[in-house]
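Chemist: show me the folded form of this:
(2 chains)
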Protein chains: 2
Amino acid sequence: MVETGVESEQNQRVFRDRLVNAGHLIPSGVKGVYGHGAAFESVVQHLDAYVTRVGADQNAEVIRFPPILSRAAYERTDHLETMPHLLGSIHSFVGEEPEYHELVRMHEAHEDWSRAFARTDLVLVPAVCYPLYPTASGTLPPGGRVVDLMAFAFRHEPSDDPARMQMFRQREYVRLGTSEQAIAHRDEWLRRGETLLKNLGLDVTRTVANDPFFGRGGRVLVASQREQALKYELVIPVASAEKPTAIVSCNYHLDHFGHTFGIKTADGKDAHTACIGFGLERITLALFKTHGFDPSRWPAEVRGVLQL
Amino acid sequence: MVETGVESEQNQRVFRDRLVNAGHLIPSGVKGVYGHGAAFESVVQHLDAYVTRVGADQNAEVIRFPPILSRAAYERTDHLETMPHLLGSIHSFVGEEPEYHELVRMHEAHEDWSRAFARTDLVLVPAVCYPLYPTASGTLPPGGRVVDLMAFAFRHEPSDDPARMQMFRQREYVRLGTSEQAIAHRDEWLRRGETLLKNLGLDVTRTVANDPFFGRGGRVLVASQREQALKYELVIPVASAEKPTAIVSCNYHLDHFGHTFGIKTADGKDAHTACIGFGLERITLALFKTHGFDPSRWPAEVRGVLQL
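Modeler: Coordinates of the predicted model:
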């Protein structure tokens, strides 16, 4: 039986409500924004540690960024042209006493007081590896770099689908080097990601995918990205059977970021980059969907792998 | 010798540059926004785990929020009246094709494209316990609640002081209950916080403190908050000897949040709340300042306490 769009959305809301009733998600009043209960967060932390064990041989540099990015660095990327609808721009109040009194008046009159706010030097991180590239300008060491990241990303896409949160954590391994090194990283981590998830009892499917580019021009970008097979996802049904959820994403950026931020290989060429991102909340939701809402009753093998 | 204001700021920049050279902080191009290197992040994680051990007897509910808060919930607080200059408001692009083309044109013309963005339903979390209170509306269980939080908070206060980051993590224990319960929590955790930090070799001083309220009206709030001794801080010199840094903050909110969000005790009164917040980056910086930049060479006692 094929699930219709309406049924798919209904299934998402049913799954969300079950997660709320179980205490795994705590509603905030805004779609796609939740607190996480103790069991949910424990799974996220154990998943993160499991990915670390799987990647231990990479000897990756560990870097942790807060979920904010320099607006000037953001403006050097093409994100505003390609996915502006997902960006979160941070605005603040920088006025003095007269502007303050007007701000309070607007608030009391239920007007849009945010119009009194001005842009800051910051935007929210749109993808977890974005803050890395501006700090990598210059010549890479021989052999390039492998970097271990974990951070929150923000995407403005309010949804009833519990797997589509507006702010979520990704654990990433990023490769910066030659095109051969970037492609080898992508291919190796696609295989490792599949094995990692299958060891958790998650029967994922590998698919060629595309970013959610904006508007009419976006269709051309989608076709090009898919034709070159630059983005792969590992997907599995979570809230909806017909619309499986991407829980791992593996991207080859060609020399896109290398060119933009002046990242060079030892022989002076623009560096190529690739990354794998493990969606920590989405994998946790897939585990709840597959093995039930009580981690203490998950299969012994899965608990063993996660060291739960 | 008394340090002047200019000397104090110079000391902050010198300390920041030393942290950058050691790889502990990675500059982003924006003041008060850094990536953290592996050793820095390892100390943060071990600190977090140490606080968990010290608080194990509290049997606190663990809840983790992403660093975003419902704008509607925010508007019910008095933060916009008292500290609007610190808030980060999140704005997004919600236009269609015509607005998109105007957006791209503004970007290419180096105009302020953020003016094409509209407020979303979200603001950045101004203090780590803010997302909790709107979810606690209704009647508390007998005995009230103790909640364990850890999250990022945002404050728009760009600074050269490495201890004044725009986004940082706080680990908190929050009490919701009667005034007696809230005051007992505050007093008990002030003592525990002092002991916890002294066990790390951090010789902190307890001071009555105040929030950085805005403008002329703020002076009245400062005087009132200090007179009632509602806020205590544990401070220690980090970048500047003359301006010690608050690394722990302990606050009694009276029935402020209880009244605003309809949180009631079992006998129907507005709940009182109190919280202790451990500034994870600031404590880490105090450890680097006190014991040196290489955690493997810290005193054996400190390494033992942190299980480093």
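Chemist: give the buried residues for stretch A:154-164.
Modeler: Within stretch A:154-164, the residues that count as buried by 16 or more other C-beta atoms under 10 Å in any protein chain shown are A:Phe154, A:Arg155, A:His156, A:Pro158, A:Ser159, A:Asp160, A:Asp161, A:Pro162, A:Ala163, A:Arg164. For glycine as for every other residue, the C-beta is placed from the backbone atoms N, C-alpha and C.
Chemist: tell me the one of those nearest chain B?
Modeler: A:His156 (4.1 Å; C-beta to the nearest C-beta).
Chemist: OK, contacts around the closest one?
Modeler: Applying C-beta atoms under 8 Å, 6 or more residues apart in numbering or on different chains to A:His156 gives the contacts A:His85, A:Leu86, A:Leu87, A:Gly88, A:Gln166, B:Ile90, B:Ser92, B:Thr120.
Chemist: any chance of the backbone angles for A:Ser92?
Modeler: phi -140, psi 170 (degrees, to the nearest 10).
Chemist: just give the nearest non-adjacent residue to it, would you?
Modeler: B:His156 (4.1 Å; C-beta to C-beta, 6 or more residues apart in numbering or on different chains).
Chemist: which stretch of helix or strand covers the one you found?
Modeler: Using DSSP states H and E, B:His156 maps to neither a helix nor a strand.
Chemist: residues of the stretch 101-250 of chain A that sit close to chain B?
Modeler: A:103-104, A:107, A:112-114, A:117, A:119-122, A:124, A:131-132, A:134-135, A:152, A:154, A:156, A:158, A:165-168, A:214-216 (C-beta under 8 Å from any C-beta of the partner chain).
Chemist: now the contacts of A:His156 in JSON lines, with neighbour count, pLDDT and secondary structure?
Modeler: Formatted as JSON lines, those follow (neighbours: other C-beta atoms under 10 Å in any protein chain shown; pLDDT from 0 to 100; DSSP: H, G, I helix; E, B strand; the rest coil):
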{"residue": "A:His85", "neighbour count": "19", "pLDDT": "96", "secondary structure": "helix"}
{"residue": "A:Leu86", "neighbour count": "21", "pLDDT": "98", "secondary structure": "helix"}
{"residue": "A:Leu87", "neighbour count": "22", "pLDDT": "98", "secondary structure": "coil"}
{"residue": "A:Gly88", "neighbour count": "28", "pLDDT": "98", "secondary structure": "coil"}
{"residue": "A:Gln166", "neighbour count": "27", "pLDDT": "98", "secondary structure": "coil"}
{"residue": "B:Ile90", "neighbour count": "27", "pLDDT": "98", "secondary structure": "strand"}
{"residue": "B:Ser92", "neighbour count": "24", "pLDDT": "98", "secondary structure": "strand"}
{"residue": "B:Thr120", "neighbour count": "21", "pLDDT": "98", "secondary structure": "strand"}
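Chemist: nearest to A:Val33, of the residues you listed?
Modeler: Taking C-beta to C-beta as the measure, A:Val33 lies nearest A:Gln166 of those, at 5.4 Å.
Chemist: where exactly do the helices run in the stretch 201-308 of chain A?
Modeler: For the stretch 201-308 of chain A, applying DSSP state H, counting those that start in this stretch gives helices covering A:215-227, A:256-260, A:280-291, A:300-306.
Chemist: ok, which of those comes nearest A:Leu234?
Modeler: Nearest of the helices of the stretch 201-308 of chain A (C-beta to C-beta): helix A:280-291, 9.6 Å.
Chemist: just confirm yes or no for that closest one near chain B.
Modeler: No. Between helix A:280-291 and chain B, judged by C-beta under 8 Å from any C-beta, nothing touches; the nearest distance is 9.2 Å.
Chemist: so how far is that helix off the chain centroid?
Modeler: When distances are taken as C-alpha atoms, centre = their mean, to the nearest Å, helix A:280-291 is centred 15 Å away from the chain's centroid.
Chemist: tell me the contacts of the closest residue to A:Lys231 other than its chain neighbours?
Modeler: Leaving aside its chain neighbours, A:Lys231 sits nearest to A:Ala209 (4.7 Å; criterion: C-beta to C-beta, 6+ apart). Residues counted as contacts of A:Ala209 (C-beta under 8 Å, 6+ apart) are A:Arg226, A:Lys231, A:Tyr232, A:Glu233, A:Ala246, A:Ser249.
Chemist: to B:Leu285, which of the helices of the stretch 201-308 of chain A lies closest?
Modeler: helix A:280-291 (27.1 Å).
Chemist: got a list of contacts for that closest one?
Modeler: The list of residues contacting helix A:280-291 from outside it, by C-beta under 8 Å, 6+ apart, reads A:15, A:19, A:24, A:36, A:40, A:43-44, A:47-48, A:150, A:162-163, A:165, A:168-171, A:197, A:200-202, A:236-239, A:245-248, A:295, A:297-299, A:302.
Chemist: try 6 Å this time
Modeler: For helix A:280-291, contacts defined as C-beta atoms under 6 Å, 6 or more residues apart in numbering or on different chains pick out A:43-44, A:47, A:163, A:165, A:168-169, A:171, A:201-202, A:236, A:238, A:245, A:247, A:298.
Chemist: PyMOL command to pick out the buried ones of those residues?
Modeler: Paste this into PyMOL to select the buried members of these, with burial taken from 16+ other C-beta under 10 Å:
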select buried, chain A and resi 43+44+47+163+165+168+169+171+202+236+238+245+247+298
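Chemist: tell me which of the contacts of helix A:280-291 is nearest to B:Phe261?
Modeler: A:Met165 (23.2 Å).
Chemist: my guess is the closest one meets A:Lys31, correct?
Modeler: No. Using C-beta atoms under 6 Å as the test, A:Met165 is too far from A:Lys31 to be in contact (9.4 Å).
Chemist: what's the local residue count around the closest residue to A:Arg297 other than its chain neighbours?
Modeler: Distances taken as C-beta to C-beta, 6+ apart place A:His291 nearest to A:Arg297, at 7.8 Å, with adjacent residues excluded. Number of residues near A:His291 (other C-beta atoms under 10 Å in any protein chain shown) recorded here: 17.
Chemist: pull out the buried positions in the longest helix along chain A.
Modeler: Selection of the longest helix in chain A by residue count, based on DSSP state H, yields helix A:179-198. Of all the residues in helix A:179-198, those buried under the rule 16+ other C-beta under 10 Å are A:179, A:181-182, A:185-186, A:188-190, A:192-194, A:196-197.
Chemist: where does the prediction get shaky in the stretch 1-150 of chain A?
Modeler: In the predicted model, the stretch 1-150 of chain A carries pLDDT under 70 at residues A:1-2.
Chemist: without its sequence neighbours, what residue ends up closest to A:Tyr100?
Modeler: B:Gly215 (5.6 Å).
Chemist: A:Glu227: neighbour count?
Modeler: There are 10 residues near A:Glu227, going by other C-beta under 10 Å.
Chemist: give me the pLDDT for it.
Modeler: Looking at A:Glu227, its pLDDT reads 92.
Chemist: for chain A, what spans make up the strands?
Modeler: With DSSP state E, the ranges of strands along chain A come out as A:25-27, A:34-36, A:61-63, A:68-70, A:89-92, A:118-124, A:138-139, A:145-154, A:167-177, A:205-208, A:231-236, A:245-252, A:263-264, A:272-279.
Chemist: contact partners of the fourth one?
Modeler: This points to strand A:68-70. Residues from elsewhere that reach strand A:68-70 (C-beta under 6 Å, 6+ apart): A:Leu122, A:Val123, A:Val125, A:Tyr130, A:Pro131, B:Ser28, B:Gly29, B:Val30, B:Val33, B:Met167.
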